[in-house]
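Asker: Predicted coordinates and the sequence they were generated for:
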Amino acid sequence: MLNVSSNVQSPPQDAPGIVDVEQAEAALVEHYPRLVRLAYLVLPPSLGRNRRVLTAHSLTQRALPRSRRSGDEAVVPVQRAGDGRRQGDPGYAYVRLRVVRTALEAGLPLRWTAVPKRSQFPPLLPQVRGLRLFPRSGGADELALDQRLSTLSGAARAAYVLRGLERLDDGDVRKVLDAAGVDDPGAALAEADGVDARYELLASPEFDPCSLQARPTDLMRRRQHMKAAGVAVAAALVCGALLGLPGDGWAPDGAAAPAYAKNPAGQAALDPGKLTLVGAGEWKRSARTDFSVWPARGELTGDKALLRRALAVWARPGESVQVSATPGTAAGAPPGPAQLLFAGEADAARVVLLYDGLRVVRYAEPKDDTSGAALDFARVDGANSAEAGAVLVNRTDGNVRYLTAPWVKGVAVRDLVKGTAATALERDADGVTEPFASPAQASSCTSWNALQLRDNSGTNRLSTDLGELVPAHLTAGRPQAPREATAADWAPTACSLSAARSNGVRTVNAWAYARQALPEANGIAQWVCTRADTWRGGGSRMLAQFQPPGSAAAAVAAKAEDAPACGGREPAVLAGVRWKSRGGTWYLLGGGSKEVASITASGGTKVPGNTLAAPVGRGDRAGLSGRLTDGGKISTLR
């Protein structure tokens, strides 16, 4: 217990606590990280990770008494066991109760019949402009626990967290819940009993809102807003000067018309009635197999108010809208009436997917509110049936749901790293998959999930989530004639896909371009090149990787960006690594594609063919160059 004031006496256990404000403040300051973690865990996951973080800090900072004494508050239940530093501390028990109570209130839906609580609204403070904050990602166990807690009621979540994080017995948990205003603490405890007691996971960085990662909001949109504000200020100054001129001046509305009033295309783009709705069987009769023949699906395709909001936000996103766009994708207003792909509910959001011939656009808003909307853009021009096989519907707590193309007959998930059998994914009547773990934000690479889509011809195609609306299509083989990839093609190099995240990637090809017999009879090694090509053409990324015998994963030997190597136009590639044999000798190894006729090491060693193995000192400088079959030169990938 804190020794804050000599004249503050600890109340007996189970008695009402009279807490001095200094005592409560001292407890809050000392245990602030734990209290914020408690609030974060009790808050509903539907708020989203950024708002949960800010709300948890806000609720904890508002947990102090409003006056010098808190005797008019509820009974302060004192913890009997657990962390000795807090045992019997009425200051800590008081602020903890306040945190639990306001976190439970924050999860209540707003109703017309009830006076709203302050905690039900987005926090006034703290505020972060231009950044999104969220805790560091944990492992699969933390993700599973977070998903399980999200299915509980707020009271049951609080009961579970008080048991696990605060180490309270059920009697004390019941008292805290009762003091926090829970109608039936017993039912909350019973519901919490249905979750495995993995209490040690509550201390994970996954649930620590004091140790955060930061990502920017849409930078281009922010610059556009600053320019628009400057133009608006200049226009206001000009109008003020003109209004002072003699005569009638300008008309009441000035020269500017309401948005789109004199632009027929713009007006049509904002009219839900003008949206293009493709029939369910149109794709069977069309010569095209892309997004233009997707039928409109979802239970909310007739919700004109929702569609109007989606179109209006697309045309003029407000300051509160989170806007994102893949590199090279324009984030502007629709040029005319768009095509509706989907409108429905997914998890805790209402989602609308639209297509304008160049881009897929995703609008999402919370089910219980129209604030906190998100708008995402992805370029998809020229997509074929493999690249138009799925579109992201929702991404929540590391899981993703996809809307699949009408020609997709079966959906499964394959772990490329572990090489396990495919796991079938259920879909609803609209073609939306059940959620599955995405590798896009994983902090480690113990697994890598790929989406396997089987089309009406029986062909299986692999795609993977790289943090964008459209998953990247995975292929394998020579760049001039890639084929559909299998899980075995990607098993050694799946973890290298993390280098292509959030880059507007269209396809990623894995090509085993050389095999090399290692010296001293150390076995056969493999050289693999992976190339990620984007929708915009530029920004491609290449990795040359070396897989020694007996190793399940390949090591990156060289990498390059915006280079033609390892591609359909210039497939030739050369890379080198230092390698130590089982006998302890160091070698410089080189591997080139079949276009490489000879390789030369910097020490003067030259060998014919597309592989080289030359002894080298551990600290010696080493380099490689090569000669192509057509007489041209080639250097290592860089």
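Answerer: Sure thing, it's come through. Numbers count the residues shown, from 1 in each chain.
Asker: Going by C-alpha atoms from here, please, whenever you check contacts or count neighbours.
Answerer: OK.
Asker: quick one: residue 94 from residue 361, how far?
Answerer: 47 Å (Cα to Cα, to the nearest Å).
Asker: now swap in residue 574 and tell me
Answerer: Applying Cα to Cα to residue 574 and residue 361 gives a distance of 40 Å.
Asker: quick one: which of those two has more around it?
Answerer: residue 574 (30 against 25; other Cα atoms under 10 Å).
Asker: For the nearest residue to that one once chain neighbours are set aside, give me its contacts.
Answerer: Spatial nearest neighbour of residue 574, chain neighbours left out: residue 592 (4.2 Å); criterion: Cα to Cα, 6 or more residues apart in numbering. Counting by Cα atoms under 8 Å, 6 or more residues apart in numbering, residue 592 touches 513-514, 572-575, 610-611.
Asker: Type out the PyMOL command that picks the buried ones from these.
Answerer: For the buried members of the contacts of residue 592, the matching PyMOL selection, counting by 16 or more other Cα atoms under 10 Å, is:
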select buried, resi 513+514+572+573+574+575+610+611
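Asker: which one of the contacts of residue 592 is nearest residue 376?
Answerer: residue 573 (36.1 Å; Cα to Cα).
Asker: Quick check: that closest one vs residue 595, distance?
Answerer: 8 Å.
Asker: Strand partners (parallel or antiparallel) of the longest strand seen in the chain?
Answerer: The longest strand of the chain (DSSP state E) is strand 505-517. If you go by DSSP bridges, strand 505-517 pairs up with strand 472-476 (parallel), strand 524-534 (antiparallel).
Asker: Output these in TSV; the columns should cover mean pLDDT.
Answerer: Shown next, in TSV, are these (pLDDT from 0 to 100):
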stretch	mean pLDDT
strand 472-476	98
strand 524-534	97
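Asker: Just send those strands back as JSON lines, with mean neighbour count too.
Answerer: JSON lines is the format used below for the strands paired with strand 505-517 (neighbours: other Cα atoms under 10 Å):
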{"stretch": "strand 472-476", "mean neighbour count": "25"}
{"stretch": "strand 524-534", "mean neighbour count": "24"}
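Asker: any chance of the ones you listed in TSV, plus distance to residue 635?
Answerer: Formatted as TSV, the strands paired with strand 505-517 follow (distance: least, Cα to Cα, whole Å):
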stretch	distance to residue 635
strand 472-476	24
strand 524-534	15
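Asker: Nearest to residue 146, out of those strands?
Answerer: Of those, nearest to residue 146 by Cα to Cα is strand 472-476, at 27.3 Å.
Asker: any idea how far that closest one is from the chain center?
Answerer: 21 Å (Cα atoms, centre = their mean, to the nearest Å).
Asker: And for stretch 186-195?
Answerer: Relative to its chain's centre, stretch 186-195 lies at 31 Å (Cα atoms, centre = their mean).
Asker: Go through that stretch and flag the buried ones.
Answerer: 186, 188-189, 191-192.
Asker: okay, those in a markdown table with secondary structure and pLDDT next?
Answerer: Output for the buried residues of stretch 186-195, formatted as a markdown table (DSSP: H, G, I helix; E, B strand; the rest coil; pLDDT from 0 to 100):
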| residue | secondary structure | pLDDT |
| --- | --- | --- |
| 186 | helix | 92 |
| 188 | helix | 92 |
| 189 | helix | 94 |
| 191 | helix | 93 |
| 192 | helix | 92 |
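Asker: lowest confidence element among the helices and strands of this structure?
Answerer: helix 219-243 (a mean of 55; mean pLDDT, DSSP states H and E).
Asker: in the sheet, who's paired with the nearest residue to residue 512 once chain neighbours are set aside?
Answerer: Setting aside the residues directly before and after it, residue 512 is nearest to residue 528 in space (Cα to Cα, 6+ apart), at 4.2 Å. As for beta bridges, residue 528 partners with residue 512, residue 545 under DSSP bridges.
Asker: quick one, what contacts residue 374?
Answerer: 321-323, 362-365.
Asker: Export the residues you listed as CSV, with columns for pLDDT, neighbour count and secondary structure.
Answerer: Shown next, in CSV, are these (pLDDT from 0 to 100; neighbours: other Cα atoms under 10 Å; DSSP: H, G, I helix; E, B strand; the rest coil):
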residue, pLDDT, neighbour count, secondary structure
321, 89, 20, coil
322, 91, 18, strand
323, 92, 23, strand
362, 97, 27, strand
363, 95, 27, strand
364, 94, 27, strand
365, 93, 22, strand
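Asker: Identify, from these, the entry nearest to residue 208.
Answerer: residue 322 (23.1 Å).
Asker: Leaving out chain neighbours, which residue sits closest to the closest one?
Answerer: The nearest residue in space to residue 322 (Cα to Cα, 6+ apart) is residue 374, at 4.6 Å.
Asker: Beta-bridge partners for that neighbour, please?
Answerer: Beta-bridge partners, per DSSP bridges, of residue 374: residue 322, residue 364.
Asker: Next one: it from residue 504, what distance?
Answerer: 18 Å.
Asker: And for residue 192?
Answerer: Taking Cα to Cα, one finds residue 192 at 42 Å from residue 504.
Asker: Hmm, residue 515 and the residue nearest to residue 512 touching each other?
Answerer: No. Taking Cα atoms under 8 Å as the definition, residue 528 is not a contact partner of residue 515, at 9.1 Å.
Asker: where do the strands sit along the stretch 301-450 of the chain?
Answerer: Along the stretch 301-450 of the chain, the stretches classed as strands by DSSP state E, counting those that start in this stretch are 322-325, 339-346, 349-355, 359-366, 374-379, 390-396, 399-404, 408-415, 423-424, 436-437, 449-455.
Asker: any idea how far the nearest residue to residue 383 once chain neighbours are set aside lies from residue 508?
Answerer: In space, and not counting its chain neighbours, residue 383 is closest to residue 290: 5.9 Å by Cα to Cα, 6+ apart. Between residue 290 and residue 508 the computed distance is 19 Å (Cα to Cα).
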